[in-house]
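**Q** This is a predicted model, with the sequence first.
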Amino acid sequence: MKNPLLSLLTFLLDKMLTFINLRSNCTSVSDKNGNRYETFIFTRGDLLEVPRTLFVHFGIYLGDNRVAHLIPDILPALSRNKSYIEKMVTNKRLIAGVLAKVASVRVDSVQDFAYGGDIIINHMDHNISNKPLSAEEVAQRAEKLVGNTSYSLLWDNCEHFVTFCRYGTPVSFQTEKFCETIKKIIRDQRSVLISAALGLALTLCMGIGPSTTLPCFLLTFTLWMAS
């Protein structure tokens, strides 16, 4: 018959060794601003989200502190210098990429991907009815798409990229929310009055002519018919 006290001590010792081993295998990385990211909580194929001021940025974790993400970037369209292109995408490069509708699926470190923000893991699983694909298939899909690509703020953005990789269907809740907001503005009859007032002011300032009067009339008429 086993000694209950001995069994309890053995159990506690086993748990302590497991905890010590887990802690010894934990890894964390820090960016230049001192923000720390515990990469041991990420697994290959995870969908990562970083809430930013005006939008949420998305990526797929590939393992070994690497994240594949689609990001607007003008530099690949202007230069073939890999050493420059591989550097972290700055805000100027990003904005220029949005305007030029060019982007790339690239692999960056966790800290460069996060850009100082907090990371949320697999939050999209609660919002999409499709079950996630296997982790390895998710990661392989992301890896196959690495390279230059076209970009659309509404129809082909970083959210479309990660949802295609993880769920097999490209969707963007940010796009849907934006479109719903535009619909509300269009349906609000006050927007018709505002557009009419702005159109009248523009016409008075620039003079009556086809280049000013016609666009103002068409915009106001379209809003009126949609409201």
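**A** Yep, that arrived. For clarity, every value in this text was computed on a predicted model and none was experimentally measured.

**Q** For the host helix or strand of residue 106, enumerate the helices and strands it packs against.
**A** Per DSSP states H and E, residue 106 falls inside strand 102-109. With contacts defined as 3 or more C-beta pairs under 8 Å, 6 or more residues apart in numbering; DSSP states H and E, strand 102-109 has these neighbours: strand 66-72, helix 75-78, strand 147-150. All C-beta spots, glycine's among them, are computed from the backbone N, C-alpha and C.

**Q** hmm, try it at 6 Å
**A** strand 66-72, strand 147-150 (3 or more C-beta pairs under 6 Å, 6 or more residues apart in numbering; DSSP states H and E).

**Q** quick one: the first one to strand 102-109, angle?
**A** Computed with axes from the mean of the first three to the mean of the last three C-alpha atoms, to 10 degrees, the direction of strand 66-72 lies at 160 degrees from that of strand 102-109.

**Q** elements contacting strand 66-72?
**A** Strand 66-72 is packed against strand 56-63, helix 91-100, strand 102-109, helix 110-114, helix 158-167, with contacts defined by 3+ C-beta pairs under 6 Å, 6+ apart.

**Q** Tell me the first helix or strand C-terminal of the worst-scoring helix or strand of the chain on mean pLDDT.
**A** Every helix and strand in the chain was compared by mean pLDDT, DSSP states H and E; the lowest is helix 4-25, with a mean of 54. Under the assignment DSSP H and E, the closest C-terminal helix or strand after helix 4-25 is strand 28-30.

**Q** now for that following strand, which elements pack on it?
**A** Checking 3+ C-beta pairs under 6 Å, 6+ apart, strand 28-30 ends up next to strand 36-38.

**Q** neighbouring contacts of the strand it packs on?
**A** Strand 36-38 is contacted from outside by 28, 29, 30, 110, using C-beta atoms under 6 Å, 6 or more residues apart in numbering.

**Q** again, only using 8 Å
**A** 26, 27, 28, 29, 30, 31, 110, 111, 114, 119 (C-beta atoms under 8 Å, 6 or more residues apart in numbering).

**Q** Likewise for stretch 112-120?
**A** 31, 33, 35, 37, 48-52, 57, 59, 67, 69, 88, 110.

**Q** Please parse this protein into its domains.
**A** 28-171, 188-226 (automatic domain parsing).

**Q** Worst mean pLDDT among these?
**A** The weakest mean pLDDT among those belongs to domain 188-226, with a mean of 59.

**Q** what sits opposite residue 28 in the beta ladder?
**A** residue 38 (DSSP bridges).
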